[in-house]
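*Asks:* Below: sequence and its predicted model.
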Amino acid sequence: MTTTRSRPRRGPAPAAISIDAHDIRKTIDGRPIWSGLSFTLDHPGLIALSGPSGSGKTTLLNCLGLLDTVSGGELIIDGNDVTKPQEERRRQLYRHRIGFLFQNYGLVETWTADQNIAVAARFVAAGKERVRLARREALERVGLAGRHDAKIHTLSGGEQQRVALARLIVKRPALILADEPTSALDTTNAALVLDTLRELADDGALVILATHHRSVIERCDALLSLP
Ligand SMILES: Nc1ncnc2c1ncn2[C@@H]1O[C@H](COP(=O)(O)OP(=O)(O)OP(=O)(O)O)[C@@H](O)[C@H]1O
């Protein structure tokens with residue numbers, strides 16, 4: 001695998017996003033997953049989310065990413081109370097301000113690498129040609145130059161996660177929710193994922209990274225622990 005060491009050219013940094021969780025709780029089928037959770041994150045940075053297996057890390061990331069809702073308490077994201085049904089505002093936040101990196105990559109397997117990136121980039125406020133170039137550059141940045149037309153199912157796991165990273169590089173979300181994104185990867189790919197998340201955080205994103213690994217937690221700026 002060859003990767004370009006230079007940092008990718010990117011558009012303007014995203015405006016910082018804030019999360020204010022006050023006494024939030026989540027119940028699934030009557031079973032409490034977590035409760036009494038309060039925290040404020042109001043600066044860009046790399047935040048580790050840790051806790052034992054089953055403590056609800058994925059569930060919390062899904063709530064912060066608006067894929068799920070909390071069962072109680074108050075959750076304010078980017079100044080919006082997302083505990084209340086405001087479908088249009090939730091949709092805007094989700095489209096423009098939030099990005100994901102999943103353990104199982106979360107790509108459409110029958111599409112090409114470029115199509116997967118393009119679908120996330122469709123709300124980027126830039127001309128079509130500029131976005132097309134940004135998609136190519138992002139693939140180069142993650143060591144996949146020339147692979148834009150490769151179907152996802154023909155790529156290795158590490159290559160698929162690098163396509164998912166390229167998607168974030170192009171979209172530049174203010175909030176990135178990464179759910180154990182390195183757990184299925186070899187050391188080289190895992191390092192690339194962490195380095196890129198670090199760069200995105202340094203460039204203005206709030207990155208929340210669920211992980212079990214002490215070495216990953218040590219690279220983060222702060223730790224959010226679930227009991
Ligand atoms: N859709 C669902 N239906 C029923 N239970 C669920 C559902 N989603 C999650 N759970 C339960 O919620 C709890 C928390 O799950 P979650 O995946 O959020 O934990 P986690 O901390 O991410 O775990 P791990 O570290 O093992 O990935 C688990 O007991 C799980 O079984």
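*Replies:* Nice, I can see it.

*Asks:* all contacts plus neighbour counts: C-alpha atoms, from now on.
*Replies:* Noted.

*Asks:* helix or strand for residue 209, which one?
*Replies:* Taking DSSP states H and E as the criterion, residue 209 maps to strand 206-210.

*Asks:* Mind listing residues that contact that strand?
*Replies:* If you take CA atoms under 8 Å, 6 or more residues apart in numbering as the criterion, strand 206-210 is touched by 16-17, 43-50, 57-58, 61, 174-180, 197, 200-201.

*Asks:* do stretch 37-50 as well
*Replies:* The contact list for stretch 37-50 (CA under 8 Å, 6+ apart) reads 16-25, 57, 197-198, 201-202, 204-212, 216-217, 220-226.

*Asks:* any idea how far residue 82 is from residue 222?
*Replies:* 24 Å (CA to CA, to the nearest Å).

*Asks:* what's the spacing between the helix or strand of the chain with the lowest mean pLDDT and its chain's center?
*Replies:* Lowest on mean pLDDT, DSSP states H and E among the helices and strands of the chain sits helix 87-97, with a mean of 88. How far helix 87-97 lies from its chain's middle: 15 Å, per CA atoms, centre = their mean, to the nearest Å.

*Asks:* Please apply the same query to stretch 205-214.
*Replies:* Averaging C-alpha positions (CA atoms, centre = their mean) puts stretch 205-214 10 Å from its chain's average.

*Asks:* Whether that stretch contacts the ligand - can you check?
*Replies:* No: Stretch 205-214 lies out of reach of the ligand by CA under 6 Å from any ligand atom, never closer than 7.3 Å.

*Asks:* What mean pLDDT does that stretch get?
*Replies:* Mean pLDDT, stretch 205-214: 95.

*Asks:* before we move on, back to that, PyMOL command to pick out the buried ones of the contacts of stretch 37-50?
*Replies:* Those of these that count as buried under 16 or more other CA atoms under 10 Å are selected in PyMOL with:
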select buried, resi 16+17+18+19+20+21+22+24+25+57+197+198+201+204+205+206+207+208+209+210+211+212+216+217+220+223+226
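
*Asks:* before we move on, the earlier item: run through the contacts of strand 206-210 and flag the ones next to the ligand.
*Replies:* 57, 58.

*Asks:* The contacts of strand 206-210 in helices, which ones?
*Replies:* Among these, DSSP state H puts 57, 58, 61, 197, 200, 201 in helices.

*Asks:* And for the last one, nearest residue in space, chain neighbours not counted?
*Replies:* Going back to what we said before, that points to residue 201. Spatial nearest neighbour of residue 201, chain neighbours left out: residue 45 (4.8 Å); criterion: CA to CA, 6 or more residues apart in numbering.

*Asks:* List the beta-bridge partners for the one you found.
*Replies:* Bridge pairing for residue 45 (DSSP bridges) gives the partners residue 206.

*Asks:* Number of residues surrounding it?
*Replies:* For residue 45, the neighbour count with other CA atoms under 10 Å is 24.
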